[in-house]
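In: Pasting the sequence and the predicted coordinates here, then a few questions.
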Amino acid sequence: MIGYVTLGTNDMARAGKFYDALLAEVGGKRQMETERFISWSAGQHSPGIGVIKPFDGKAATVGNGIMVAIMCDSQEKVKAIYDKAIKLGAKDEGPPGTRWGNFYVGYFRDLDGNKLNAFCMS
């Protein structure tokens, strides 16, 4: 199973503010932080999401085909995460709705262009 995921950023302060507000919606809090890296988790034994300045010193770029999914326990929470992301300046990539069977999901891109979604199995 996944322990954590990192997404590249070129603006650590901006990314920190975005994810502080967004992940608070699902109980996420800052777990670790350095000048090059911030990670959030909902608990010590829960998966985490981090933002990082690339170690090679080059600009962070968006990975084509890469997406991070934030698990929620209800359709209302999916909508709350999606709405919060858009309010924080994220770009819409597909509003919340049922896609396949009982898969309810909303897609968005963060301020650096990384693709995420909030989902639940309803």
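Out: Cool, got the structure.

In: mean confidence for the strand or helix carrying Lys77?
Out: Assigned by DSSP states H and E, Lys77 falls within helix 75-87. Averaging pLDDT along helix 75-87 yields 98.

In: Give me the buried positions along the following helix or strand past it.
Out: Per DSSP H and E, the first helix or strand lying C-terminal to helix 75-87 is strand 91-100. Going by neighbour count (16 or more other CB atoms under 10 Å), the buried part of strand 91-100 is Pro96. For every residue, glycine as well, the C-beta is placed using N, CA and C.

In: relative orientation of strand 91-100 and helix 75-87 in degrees?
Out: 160 degrees (axes from the mean of the first three to the mean of the last three CA atoms, to 10 degrees).

In: which stretches of the protein form helices?
Out: Along the chain, counting by DSSP state H, helices occupy 12-24, 75-87.

In: hang on, Pro54 packs against Thr6?
Out: No. Using CB atoms under 8 Å, Pro54 is not in contact with Thr6, being 9.7 Å away.

In: For Lys52, give the beta-bridge partners.
Out: Not quite, residue 52 is Ile, not Lys. Note on Ile52: beta-bridge partners Gly8, Phe37, judged by DSSP bridges.

In: Go ahead and confirm it touches Glu35.
Out: No. Between Ile52 and Glu35 there is no contact under CB under 8 Å: 10.8 Å.
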